[in-house]
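# Structural data only, the sequence is not supplied:
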């Protein structure tokens, strides 16, 4: 109970809400790093997943890459990138990108492969080219799956960005990792902030996923 009271007092301290090391600035830095990583992962994984799902080629590689990306500990990757690139954004950013790609790539591939072949044949019979089939048929029908992968990646990235301070990139993880500066109450407060941020991101992406999913698909998936 004493620690809870200390955490409440820590949140009530105006000094923790101002300056470059305050909660608002750390939250902004956390969100910027996470957003850049997620956007990069989307730009890489969605086109790749669409291409692989459309052609059916490279499925084994897709699964292998996804499994590999999920199996490597983020902390280990961070150490590797720090050795390669040194302390800074160049070390923390690729770790989050590698973490974000597998769910998006896998969900995009699966979403495209689940499109009814008869629908694809009908679109080809109407004279649509391969690129048009992907953008006008497969992508709209797979969008629910794709955003499911993006949603998973976003939450994972927001949670994992807490290790970025180990590479010299300050985020909300600084409160958790710098107990000598912020104390145990600051560490617990940082954990609470990260959890709340992850839940907020989860909720926002769930709403976005529903918004971009065609009404017919929403009714079909319940």
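In hand now; what should we look at? What you see is a predicted model; the values in this text were computed from it and never measured.

# all contacts plus neighbour counts: C-alpha atoms, from now on.
Noted.

# So in this structure, where's the weakest helix or strand by average pLDDT?
Least confident helix or strand of the chain, by mean pLDDT, DSSP states H and E, is helix 215-221 with a mean of 60.

# shaky segments in the chain?
Counting by pLDDT under 70, the chain shows low-confidence ranges at 1, 216-222.

# for it, what spans make up the helices?
2-12, 23-55, 59-71, 74-85, 89-113, 117-125, 130-133, 139-160, 173-177, 179-212, 215-221 (DSSP state H).

# Tabulate those (TSV), appending mean neighbour count and distance to residue 166.
Formatted as TSV, these follow (neighbours: other CA atoms under 10 Å; distance: least, CA to CA, whole Å):
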stretch	mean neighbour count	distance to residue 166
helix 2-12	14	23
helix 23-55	19	14
helix 59-71	15	20
helix 74-85	16	8
helix 89-113	25	9
helix 117-125	13	48
helix 130-133	15	43
helix 139-160	23	12
helix 173-177	24	8
helix 179-212	17	13
helix 215-221	10	42
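
# Mind putting these into CSV with distance to residue 167?
Listed next are those as CSV, based on distance: least, CA to CA, whole Å:
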stretch, distance to residue 167
helix 2-12, 26
helix 23-55, 13
helix 59-71, 20
helix 74-85, 7
helix 89-113, 6
helix 117-125, 47
helix 130-133, 41
helix 139-160, 13
helix 173-177, 11
helix 179-212, 17
helix 215-221, 42
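
# what's the burial count for residue 86?
15 (other CA atoms under 10 Å).

# Contact partners for it?
residue 167 (CA atoms under 8 Å, 6 or more residues apart in numbering).

# and it, how far is that from residue 26?
22 Å (CA to CA, to the nearest Å).

# and residue 126, how many residues sit next to it?
9.

# Dihedrals phi and psi, it?
phi -80, psi 0 (degrees, to the nearest 10).

# For residue 57, grab phi and psi.
Torsion angles at residue 57 (phi, psi; degrees, to the nearest 10) stand at phi -100, psi 140.

# any idea how far residue 48 is from it?
Following CA to CA, the distance that separates residue 57 from residue 48 is 11 Å.

# what residues are shared contacts of those two?
When CA under 8 Å, 6+ apart defines a contact, no residue borders residue 57 and residue 48 alike.

# quick one: residue 211 from residue 204, how far?
To residue 204, residue 211 is 11 Å away according to CA to CA.

# and residue 161, what is it in contact with?
30, 33, 34, 96, 171, 173.

# who's in contact with the third one?
Residue 34 is in contact with 96, 154, 157, 158, 161, counting by CA under 8 Å, 6+ apart.

# if you set the cut-off to 10 Å instead, what comes out?
For residue 34, the contact set (CA atoms under 10 Å, 6 or more residues apart in numbering) comprises 28, 40, 93, 96-97, 100, 153-161, 171.

# And for the last one?
Contacts here follow CA under 10 Å, 6+ apart; on that basis residue 173 touches 26-27, 30, 159-166, 187, 190-191, 193-194.

# Of all pairs in those residues, which one is the farthest apart?
166 and 193 (18.3 Å; CA to CA).

# who touches residue 209 in this structure?
143, 144, 145, 146, 147, 148, 150, 151, 203, 218 are the contacts of residue 209 under CA under 10 Å, 6+ apart.

# let's go with 8 Å and repeat that
144, 147, 148, 151.

# do the same with residue 167
78, 82, 86, 87, 88, 89, 91, 92.
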